[in-house]
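**Q** Sharing a model that was predicted from the sequence below.
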Amino acid sequence: MKHFTDCYTLNNGVRIPCMGFGTYNAENTDNAAIVRTAIEAGYRYFDTASLYHTEEVLGQAIKDSGIPREEFFIVSKLWIDEMGYENAKEAYEKSLRRLQMDYLDLYLIHWPRKNEDDPTWKQLDIETWKALEELYEEGKVRGIGLSNFLPHHIENILSNCRVTPVVDQLEIHPGYSQETAVNYCRAHGIQPQAWSPIGRKALLTHPFIKGLAEKYQVSPAQICLRYIVQKEIIPLPKSSSMERMKQNQEIFDFEITQEDMYMLDTMPPTAWLGEHPDFNIPKKSSK
Ligand code: A2P
């Protein structure tokens, strides 16, 4: 990859940019202004979800930009209160309405289980995935995938369903490399993606990351993003400023050595945000 708009080819032939822009809703933030600025900065791949409450502003900003819909790559997700066969189909239509679009590039199941104790999660995942398979086979969405699914969750889908997910979106950054899940995805043709690739702000002041930033004459955020891109994972950084949005795109003219990559892979656990698909499920609502 030589530029943030260069693409990978997913397992169903769809081309996906090697970097996206995350629209997770920070409280008290002007999301509309952020999305407008990100479009101006050149981002065309936007990641949203019903949970984030940013679908409306994203759809409106795209419409207002005057740039044709086909030039964008738009991904949304259904939240745990939208799981199940009928619910998933309804959730997709609602997302389309909020985005003012007639198709999405990808639609993902946001989280593999509703709560820590639910013994029925496998069946619920299968039913939800079957609804997504139908949306895909009817041509309503260009690809279907997963988010926060670990190997045991993915295995349930692969063993019981027809369509292989195209992506799996995981928290990945230096200090939280999720090698087991990433390797499992690769072995099954699923493209891994990284949410919070900068570890929110916690990694920016870490002495090892700061040292590498000095060594490569870049910023700590650029080290984090270059690490992800060099592992052929798709990062979905967020930022509220044009300057940092642009800085985050400028990570294709330097290369981290293999030795430093190994150190970034194996540095002590840092900046994990505290959510876990099985043990610590966020208690939030899409409504
Ligand atoms: P800001 O909006 O002030 O740019 P992540 O994507 O890992 O969740 O991290 C998002 C956070 O990282 C945001 O709070 C954002 O703050 C900050 N951030 C994004 N890009 C940069 C950058 N290049 N330098 C410093 N901070 C950044």
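**A** Yes, it's here.
**Q** what about Phe46, which SS state?
**A** Phe46 falls in the strand class when you classify it by DSSP: H, G, I helix; E, B strand; the rest coil.
**Q** and if you look at Lys210?
**A** Using three-state DSSP as the criterion, the local structure at Lys210 reads helix.
**Q** and it, what is it in contact with?
**A** Applying Cβ atoms under 8 Å, 6 or more residues apart in numbering to Lys210 gives the contacts 204, 220. To be clear about C-beta, it is placed using only N, CA and C from the backbone, and glycine gets the same treatment.
**Q** Look up the closest residue to Val75, ignoring the ones flanking it.
**A** Taking Cβ to Cβ, 6 or more residues apart in numbering as the measure, Val75 lies nearest to Leu106, with 4.2 Å between them; neighbours along the chain are not counted.
**Q** Surely the one you found is in contact with Leu146?
**A** No: taking contact to mean Cβ atoms under 8 Å, the distance of 10.2 Å between Leu106 and Leu146 leaves them out of contact.
**Q** and for those two, which residues touch both?
**A** Once Cβ under 8 Å, 6+ apart is applied, the residues that Leu106 and Leu146 both contact turn out to be Val167.
**Q** Flag every residue of the chain that's near the ligand.
**A** Applying Cβ under 6 Å from any ligand atom, we find that the chain lies next to the ligand at 22, 196-201, 204, 219, 221, 237-241, 244, 247-248.
**Q** Just the residues you listed: which are in strands?
**A** In strands, judged by DSSP state E, the following of the residues of the chain next to the ligand are found: Gly22.
**Q** picking that back up, what's the burial count for the residue nearest to Val75?
**A** The number of residues packed around Leu106, counting by other Cβ atoms under 10 Å, is 25.
**Q** what do you get for the one 3 residues further on?
**A** By other Cβ under 10 Å, 28 other residues sit near Ile109.
**Q** any idea how far the ligand is from it?
**A** Ile109 sits at a distance of 21 Å from the ligand (criterion: Cβ to the nearest ligand atom, to the nearest Å).
**Q** So that residue is in contact with Asn156, correct?
**A** No: in this structure Ile109 lies outside contact range of Asn156 using Cβ under 8 Å: 11.5 Å.
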